[in-house]
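Engineer: got a predicted structure plus its sequence, pasted below:
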Amino acid sequence: MRPPSQFGEDITNQANNVPDPRMGAMMICTRLAGRAIIRVVGRCNEAQLNNNLDLSECQLMQVPDAVYHLMRNTELKSCDLSGNDITKITPKFALKFSLITDLNLSHNQISKLPDEIVDLKNLINLDISYNTFISLPNAIFKIPNLQNLKAGHNHIIEVEVDDIKEAPSLQILDITNNPIAPKCHDCLSSISTINVLLTPKEKEDWEDLTI
């Protein structure tokens, strides 16, 4: 039996013509991804001319293999990866960009670095601020020419003070705005060979008591 015309073909046609609400979001994401790729390629082309790779705010979750390929014949001096969503740096990074003197990894989601970071033998300035580190990787303090380390605005509680003292070239360590434990804070404050920048220690509850 054929259903009444007001319910039959009309319902079928309407169902087929209803736009999928996900399509709009998918199209927007595709356009954004396309723009991000174009931005990355454009900045790689610029780096081939000035030896400074600026991939800041490019919506990256990691350094794409295509970047290593595009930079294979370029001796980079600096690399800026700030303002992305990068969660890790792979060992390949130090191998491919071994000549850089400046590396900016700030404003990402990085919690650790590979031991191979020590292979960045020309690195002078390293910025890992505004990430998710709970400790400073030991390998950082073995980088032979590292002079300036910015590590503020992380979640660092403890720091190996001996590692800092043994760093071959370190001059300035900025570890402000971290929840450094009081005892560790005192040890860091006592270092005289390196300029350690610390947020003033908060008083313990018992120190605020008046007798």
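Structural biologist: That came through, no problem.
Engineer: tell me the confidence at the residue nearest to I86 when sequence neighbours are not counted?
Structural biologist: With CB to CB, 6 or more residues apart in numbering as the measure, N108 is the residue that lies nearest to I86, at 4.3 Å, once sequence neighbours are left out. In this view, the C-beta of every residue, glycine as well, is placed from N, C-alpha and C. Listed pLDDT for N108 reads 98.
Engineer: wait, N108 sits on S129?
Structural biologist: No. Using CB atoms under 8 Å as the test, N108 is too far from S129 to be in contact (9.9 Å).
Engineer: nearest residue to the middle of this structure?
Structural biologist: N108 (3.4 Å; CA atoms, centre = their mean).
Engineer: show the residue spans covered by the helices in this structure.
Structural biologist: 9-17, 21-50, 65-70, 91-96, 161-166, 182-189 (DSSP state H).
Engineer: just to revisit the earlier point, list the contacts of the residue nearest to I86.
Structural biologist: 81-87, 130-131 (CB atoms under 8 Å, 6 or more residues apart in numbering).
Engineer: can you flag the buried ones in those?
Structural biologist: Neighbour-count burial (16 or more other CB atoms under 10 Å) applied to these gives 81-84, 86, 130-131.
Engineer: how about these in CSV, adding pLDDT and distance to A66?
Structural biologist: Formatted as CSV, these follow (pLDDT from 0 to 100; distance: CB to CB, whole Å):
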residue, pLDDT, distance to A66
L81, 98, 15
S82, 98, 20
G83, 97, 20
N84, 97, 15
I86, 97, 15
Y130, 98, 26
N131, 98, 24
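Engineer: of the contacts of N108, closest to C187?
Structural biologist: Using CB to CB, N131 comes nearest to C187 of these, at 22.8 Å.
Engineer: any idea how far L55 is from that closest one?
Structural biologist: Applying CB to CB, to the nearest Å, the value for N131 to L55 is 16 Å.
Engineer: same deal with I172?
Structural biologist: Relative to L55, and taking CB to CB, I172 is found at 25 Å.
Engineer: more crowded one of the two?
Structural biologist: L55 (23 against 13; other CB atoms under 10 Å).
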